[in-house]
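# have a look; sequence and predicted model below, questions after that.
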Amino acid sequence: MTTVKELPEEDWFESGHTACPGCGGAMTVRIAMKVLGPDTVVYMPASCLLIFSDMYPFNAFKVPSLQVLFETSAICASGIKRALKQLGKDDVTVVAFAGDGGTADIGMQALSGAAERNEDILYICYDNEAYMNTGIQRSGTTPFGAWTTTTPLGPEAEGRGKLEYKKDVPRIMMAHDVPYVATASLGFPADLLKKLEKAKAKKGFRYLHVLSPCPIGWRTDSDKTVDLAKLAVETGIFTLLEYEDGVLRISREPRFSPVRDYLKAQGRFRHMTDEQVATLEAWVREKWERDRALAKALGPKPAAPG
Ligand SMILES: Cc1ncc(C[n+]2csc(CCOP(=O)(O)OP(=O)(O)O)c2C)c(N)n1
Ligand SMILES: [Mg+2]
């Protein structure tokens, strides 16, 4: 198992890209590419990643990378994997890197179809919790209460940030009974590496959902990316889990630090009232009850007697 220290010096997603300082998405992709290595083909739908990594004539990937329409990354990756198999090149990893908008909303039908067919691809969602590339619009994974340009603040009842809760995409993917679904956070790199290695090694459809903070959209300083990714897990807001061959495990029992500590560090939550904070805290509790119940139901089966 690779540790952080054992990661190769060599990058297959290089410096020289144009991501903002502290971009969680760029960190996620860089780390993932270190694990996936040179025998990889990358697919990307419209997103910040596509813009900062691959604008002609510059390209930060040292492996083939293809830009595809917003809705289609899972389909395109599936097609190229099938073609590579036909050519006898089954050892090539085909990965789709997509944002939360391209995953939870716009790419969901293609993603669901590819998962249902158990296509032999790896799909990595870097979740920065909004459509950042087009100027911070809400997505299905934007958390309750968060300000975005389409969940604005104002005097009316709607003017309090996002009114809905974060869409649970990993749970949707688990419902497809694919070989591998996991969540990870930049705040826990050892866990992220372990999951990337497993996802690379497995056959069939693999889904990895990585919380990847965005300083611009979250209204934070660019040196807080990893701290926030850690705090999201330790407050219980973001669950680290792994669903492997039908067995679900919680990867880390959080400390349940105060949710407020996470909120007050980010400008996108600064307006939240005590009532809204209490609503979010209640959601965290309910989510944990549900995650625990699911992990119990789908947890490792006790060994058969005798
Ligand atoms: C069909 C379609 N709708 C809208 C757009 C415009 N668009 C390009 S990138 C983007 C935001 C992508 O958000 P997300 O997937 O979360 O990735 P991020 O930018 O946050 O990295 C949008 C709306 C598009 N390119 N194609
Ligand atoms: Mg996004």
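Arrived safely. Just so it is clear, the model here is predicted, and its values are computed rather than measured. Numbering: from 1, shown residues only. Ligands and ions are numbered 1, 2, ... in the order given.

# in contact with residue 233, which residues?
185, 187, 188, 211, 239, 240, 252, 254 (CB atoms under 8 Å, 6 or more residues apart in numbering). Using the backbone N, CA and C atoms, a C-beta is placed for each residue, glycine as well.

# kindly recompute the last result at 7 Å.
For residue 233, the contacting residues are 185, 187, 188, 240, 252, 254, taking CB atoms under 7 Å, 6 or more residues apart in numbering as the criterion.

# and stretch 51-70, end to end?
13 Å (CA to CA, to the nearest Å).

# number of nearby residues for whatever residue of the chain ends up closest to ligand 1?
Closest residue of the chain to ligand 1, CB to the nearest ligand atom: residue 99 (2.1 Å). By other CB atoms under 10 Å, the residues close to residue 99 number 32.

# coming back round to it: buried ones among the contacts of residue 233?
Burial by neighbour count, 16 or more other CB atoms under 10 Å: within these this picks out 185, 187, 188, 240, 254.

# tell me the secondary structure at the second one.
Spelled out, that is residue 187. Three-state assignment for residue 187 (DSSP: H, G, I helix; E, B strand; the rest coil): coil.

# helix or strand for the spatially closest residue to residue 238 that is not a sequence neighbour, which one?
Here the nearest residue to residue 238 in space, its sequence neighbours aside, is residue 232; by CB to CB, 6 or more residues apart in numbering that works out to 4.1 Å. Following DSSP states H and E, the helix or strand that holds residue 232 is helix 225-234.

# chain center to that helix, what's the gap?
For helix 225-234, the distance between its averaged C-alpha position and the chain's averaged C-alpha position is 14 Å (CA atoms, centre = their mean, to the nearest Å).

# mind exporting the C-alpha coordinates of that helix to CSV?
This file holds the C-alpha atoms of helix 225-234, laid out as CSV (Å, rounded to 0.1, in the frame of the first residue of the first chain):
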residue,chain,number,x,y,z
THR,A,225,-8.4,23.8,1.7
VAL,A,226,-7.0,20.8,3.6
ASP,A,227,-8.1,22.1,7.0
LEU,A,228,-11.7,22.5,5.8
ALA,A,229,-11.7,19.1,4.1
LYS,A,230,-10.6,17.6,7.4
LEU,A,231,-13.2,19.6,9.5
ALA,A,232,-16.0,18.6,7.1
VAL,A,233,-15.3,15.0,8.1
GLU,A,234,-14.7,15.7,11.8
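
# so it, near ligand 1 or not?
No: shown here: helix 225-234 not in contact with ligand 1 (CB under 6 Å from any ligand atom), separated by at least 14.0 Å.

# residues from this protein in reach of ligand 2?
For the chain, the residues in contact with ligand 2 under the definition CB under 5 Å from the ion are 99, 100, 128, 132.

# export the residues you listed to CSV and append columns for secondary structure.
What follows is the residues of the chain next to ligand 2, written out as CSV (three-state DSSP):
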residue, secondary structure
99, strand
100, helix
128, coil
132, coil
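
# check those and tell me the two furthest apart.
Looking at the residues of the chain next to ligand 2 by CB to CB, the two members farthest from one another are 100 and 132, with 9.0 Å of separation.

# neighbour-wise, which of these two wins?
Counting neighbours by other CB under 10 Å for residue 100 and for residue 132 shows that residue 100 has the greater number, 29 against 24.

# for the more buried one, give me the pLDDT.
The predicted structure scores residue 100 at 98 on the pLDDT scale.

# that older thread, surely the residue of the chain closest to ligand 1 touches residue 130?
No: applying CB atoms under 7 Å as the test, residue 99 and residue 130 come out as separate, 8.8 Å apart.

# for the helix or strand in which residue 296 is found, name the packing helices and strands.
Under DSSP H and E, the secondary-structure element containing residue 296 is helix 274-297. Based on contacts counted as 3 or more CB pairs under 7 Å, 6 or more residues apart in numbering; DSSP states H and E, the elements that helix 274-297 packs against are strand 247-250, helix 259-264.

# report the buried residues of it.
Going by neighbour count (16+ other CB under 10 Å), the buried part of helix 274-297 is 276, 277, 280, 281, 283, 284, 287, 288, 291, 294, 295.

# list the contacts of the fourth one.
Shown in contact with residue 281 (CB under 7 Å, 6+ apart): residue 259.

# please name the nearest non-neighbouring residue to the one residue in the stretch 1-150 of the chain that gets nearest to ligand 2.
When you check the stretch 1-150 of the chain against ligand 2 by CB to the ion, the closest residue turns out to be residue 99, at 3.6 Å. Computed as CB to CB, 6+ apart, the closest residue to residue 99 that is not its neighbour in sequence is residue 47, at 4.1 Å.

# also residue 167?
Distance criterion CB to CB, 6+ apart; nearest residue to residue 167, sequence neighbours excluded, is residue 140 at 3.7 Å.

# which stretches in the stretch 101-250 of the chain count as helices?
Per DSSP state H, counting those that start in this stretch, the stretch 101-250 of the chain has helices spanning 108-116, 169-174, 189-201, 215-218, 225-234. These are given in chain order.
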